[in-house]
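Participant: Predicted model follows, preceded by the sequence.
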Amino acid sequence: MARLVEKVLCIIFPLLVIASCSVSPVHSRKFKASEPCKRIVLYYHDILFNGTNVANATSVIAANENKLGDFKFGMLVVFDDPMTKDHHLLSPPVARAQGFYFYDMKTTYNAWFAYTLLFNSTEHKGTLNIMGADMMDQETRDLSVVGGTGDFFMARGIATFRTDTFQGTEYFRLQMDIKLYECY
């Protein structure tokens, strides 16, 4: 009987050691989507270059739209846009949004964004990386926060877009509600 207990312990003990070593404290945390660990509301101001507004433009068309539909399909825009805490364009920027978007549907307005928010203020330092589809016909759109540096090291979450102002083809402002669910 003692030999049987000894054999069972020789099998179970190593398995318990291996199992306890493979459990990571990062994965053992509980995910609570209803409680973000950090929330930031910012306004994204985009002024498209029209050929004459060199001093004010913050974005430029890098590839023109084509004739496959009426929704700017194929147009690529590169931007370096100011991000403010309120909806005023002339408010001091708290971050810069640097990246691109392109129109990727032939049947309706839809864009795909990939950009980095660069923070360099007394309140925040570091970057947030955001990407995803902006389905413009919807009131709100969620894009993924896929990483970050500095104060936002390895952040994960959602950036909710809401179009605040749209003036012709040259200026638009988005309210961006950023909710981070993984903060380190």
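Facilitator: Nice, thanks for sending it over.

Participant: Okay, and Glu35 sits in which element?
Facilitator: Counting by DSSP states H and E, no helix or strand carries Glu35.

Participant: What about it, how many residues nearby?
Facilitator: 8 (other CB atoms under 10 Å). To be clear about C-beta, it is placed using only N, CA and C from the backbone, and glycine gets the same treatment.

Participant: One more: Asn129?
Facilitator: Quick note: Asn129 (other CB under 10 Å) scores 17 neighbours.

Participant: Can you show me the strands along this structure?
Facilitator: For the chain, the strands defined by DSSP state E cover 38-47, 59-63, 76-84, 95-103, 111-120, 125-134, 140-150, 156-167, 171-182.

Participant: Show me what the first one is packed against.
Facilitator: Taking 3 or more CB pairs under 8 Å, 6 or more residues apart in numbering; DSSP states H and E as the contact definition, the neighbouring helices and strands of strand 38-47 are strand 76-84, strand 171-182.

Participant: Go through those strands and find the least confident stretch.
Facilitator: Of all these, strand 171-182 carries the lowest average pLDDT, namely a mean of 87.

Participant: how about the residue nearest in space to the middle of the chain, what does it touch?
Facilitator: Centroid-nearest residue in the chain, with CA atoms, centre = their mean: Ile130, separated by 2.2 Å. Residues near Ile130 by CB atoms under 8 Å, 6 or more residues apart in numbering: 113-117, 143-146, 159.

Participant: repeat that for 7 Å
Facilitator: By CB atoms under 7 Å, 6 or more residues apart in numbering, the contact list for Ile130 reads 113, 115, 117, 143-145, 159.

Participant: JSON lines for the strands of the chain, including distance to Gly69?
Facilitator: Output for the strands of the chain, formatted as JSON lines (distance: least, CB to CB, whole Å):
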{"stretch": "strand 38-47", "distance to Gly69": "22"}
{"stretch": "strand 59-63", "distance to Gly69": "15"}
{"stretch": "strand 76-84", "distance to Gly69": "16"}
{"stretch": "strand 95-103", "distance to Gly69": "9"}
{"stretch": "strand 111-120", "distance to Gly69": "14"}
{"stretch": "strand 125-134", "distance to Gly69": "17"}
{"stretch": "strand 140-150", "distance to Gly69": "20"}
{"stretch": "strand 156-167", "distance to Gly69": "20"}
{"stretch": "strand 171-182", "distance to Gly69": "20"}
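
Participant: Which residue, other than its chain neighbours, is closest to Arg96?
Facilitator: Nearest non-adjacent residue to Arg96, counting by CB to CB, 6 or more residues apart in numbering: Leu118, 4.8 Å away.
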